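Trainee: take a look and give me a structure for this.
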Amino acid sequence: MTHTPTLHDVYRARALIEPLILQTPLLASADLAEKTGAQTVHLKLECLQNTGAFKIRGAANKILSLGDEEKKKGVITFSTGNHGKAVAYVAGKIGIRAVVCLSEHVAPYRVAAIRKLGAEVSVKGHSQDEAEKNYQDLTAAEGLVPVVPFDDPLIIAGQGTIALEILATLPDTDVLLIPISGGGLLSGIAVAAKSINPGIHIVGISLEQSPAMLESLKAGRPVQVEEKDSIADSLLGGIGFDNRYTFAMLEKFTDEHLLISENEIKDGLFYVFDKHRLVVEGAAAVGVGALMHQKIDVKGKRVVALLSGSSIDSGDYIRIIQSRFSNGSKQ
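Mentor: Now for the predicted structure:
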């Protein structure tokens, strides 16, 4: 598939990946609705997904779409963690080789999780862009089939299945809050949601620490930004200088962009624990953090925020929760 994905492609993806994914629930957050003046706020719990993040949807759609000869060659990817874990999981389920290229910036717990699923791991470089260069070299040398993290129509269509689940349950949703890194998640959700309801308001949320997609959109072309440490480490990384799909799709489908700080993310992470007893990673907490800090006006609106995953180092997570209690900042 080489065309920009459509709603039809998203429906095809849903049928293909159904055996390997969970249809994750929507959780009403009455307290968050009250705080923001929203009519309703729901949280889409991709943090409960197989492998702990939404990434399995795109990885499954791509890998299951490969022909028999491609599967025999094995697959390769580069990742900040969650995509690599998803590729390793899907490859393991169907019994094919998987190689995952990571930078030295990827947290050790993510590296260990990928290895545990049976993938070969190659750690090289100080950034996502350098990990991608290693991936390109290995792809050429070993003839492996690429499964890129975001800029692929099949990956995008797989992530778009989230929108089908949301709108099947909550067809009158007004606002969707979606994290942004390379843009595969937002592109897929946006093309599906806008095709079903053109009036839905799509909001992308980027890190203040490393807003690669947002800076690229401002510049009108893909640009590289410095990667800084973040509690939302799965949102780090560039969008690729030869970006073919997600950049243009975000230009077309995103209605609003927000930047979020580290403290706002931590507040969101704590809120999800305190009010809903759910463990999420930093990237998953950006929508809740944005709502808590009134970064968007949702008064009278029906809102869904995506909790994208739960891959977080246990020690880091416990320290954040304890610090919020000790500082008396319980929401």
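
Trainee: where do the strands sit along the stretch 101-250 of the chain?
Mentor: 120-123, 145-146, 175-179, 201-207 (DSSP state E, counting those that start in this stretch).

Trainee: need the residues that contact the second one.
Mentor: This points to strand 145-146. 66, 70-71, 73-77, 135, 139 (C-beta atoms under 8 Å, 6 or more residues apart in numbering). Using the backbone N, CA and C atoms, a C-beta is placed for each residue, glycine as well.

Trainee: could you redo the last one with a cut-off of 7 Å?
Mentor: 66, 70, 73-76, 139 (C-beta atoms under 7 Å, 6 or more residues apart in numbering).

Trainee: sheet-wise, list the partners of it with their directions.
Mentor: Strand 145-146 has the following strand partners under DSSP bridges: strand 75-78 (parallel).

Trainee: contact partners for residue 88?
Mentor: Applying C-beta under 7 Å, 6+ apart, the residues near residue 88 are 98, 100, 114, 117-119.

Trainee: right, I mislabeled it, should have said residue 185
Mentor: Listed by C-beta under 7 Å, 6+ apart, the contact set of residue 185 reads 54, 159, 178-179, 308.

Trainee: make TSV from these and add pLDDT, neighbour count and distance to residue 283 to it.
Mentor: Formatted as TSV, these follow (pLDDT from 0 to 100; neighbours: other C-beta atoms under 10 Å; distance: C-beta to C-beta, whole Å):
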residue	pLDDT	neighbour count	distance to residue 283
54	97	31	10
159	98	32	14
178	98	27	11
179	97	28	5
308	97	33	6
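
Trainee: what's the closest of those residues to residue 272?
Mentor: residue 308 (11.7 Å; C-beta to C-beta).

Trainee: wouldn't the closest one be in contact with residue 52 here?
Mentor: No: look at residue 308 against residue 52 with C-beta atoms under 7 Å: they stay out of range, at 9.9 Å.

Trainee: can you list the low-confidence ranges for this structure?
Mentor: 328-331 (pLDDT under 70).

Trainee: mind listing the helices for it?
Mentor: 7-17, 30-36, 55-64, 68-73, 82-94, 108-116, 128-142, 153-169, 184-196, 212-219, 246-253, 262-276, 286-292, 314-326 (DSSP state H).

Trainee: most packed of those?
Mentor: Among the helices of the chain, helix 55-64 has the highest mean neighbour count (mean count of other C-beta atoms under 10 Å), at a mean of 29.

Trainee: what's the angle between it and helix 184-196?
Mentor: Put simply, helix 55-64 runs at 90 degrees to helix 184-196, going by axes from the mean of the first three to the mean of the last three C-alpha atoms, to 10 degrees.

Trainee: between helix 82-94 and helix 55-64, find me the angle.
Mentor: For helix 55-64 against helix 82-94, the angle by the same axes, to 10 degrees is 50 degrees.

Trainee: show me what helix 55-64 is packed up against.
Mentor: On a contact count with 3 or more C-beta pairs under 7 Å, 6 or more residues apart in numbering; DSSP states H and E, helix 55-64 meets helix 7-17, helix 82-94, helix 153-169.

Trainee: so which of those is nearest residue 209?
Mentor: With C-beta to C-beta as the criterion, residue 209 lies closest to helix 82-94 of those, at 17.5 Å.

Trainee: kindly export that closest one (C-alpha atoms) in PDB.
Mentor: Extracted C-alpha coordinates of helix 82-94, given in PDB (Å, rounded to 0.1, in the frame of the first residue of the first chain):
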ATOM      1  CA  ASN A  82       6.900   0.900  22.300                       C
ATOM      2  CA  HIS A  83       6.900   0.300  18.500                       C
ATOM      3  CA  GLY A  84       9.900  -2.000  18.900                       C
ATOM      4  CA  LYS A  85       8.000  -3.900  21.600                       C
ATOM      5  CA  ALA A  86       5.000  -4.200  19.300                       C
ATOM      6  CA  VAL A  87       7.100  -5.400  16.300                       C
ATOM      7  CA  ALA A  88       8.800  -8.000  18.600                       C
ATOM      8  CA  TYR A  89       5.400  -9.200  19.900                       C
ATOM      9  CA  VAL A  90       3.700  -9.600  16.500                       C
ATOM     10  CA  ALA A  91       6.800 -11.200  14.900                       C
ATOM     11  CA  GLY A  92       7.000 -13.600  17.800                       C
ATOM     12  CA  LYS A  93       3.300 -14.500  17.400                       C
ATOM     13  CA  ILE A  94       3.700 -15.500  13.800                       C
END
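
Trainee: thanks again, I'm all set now.
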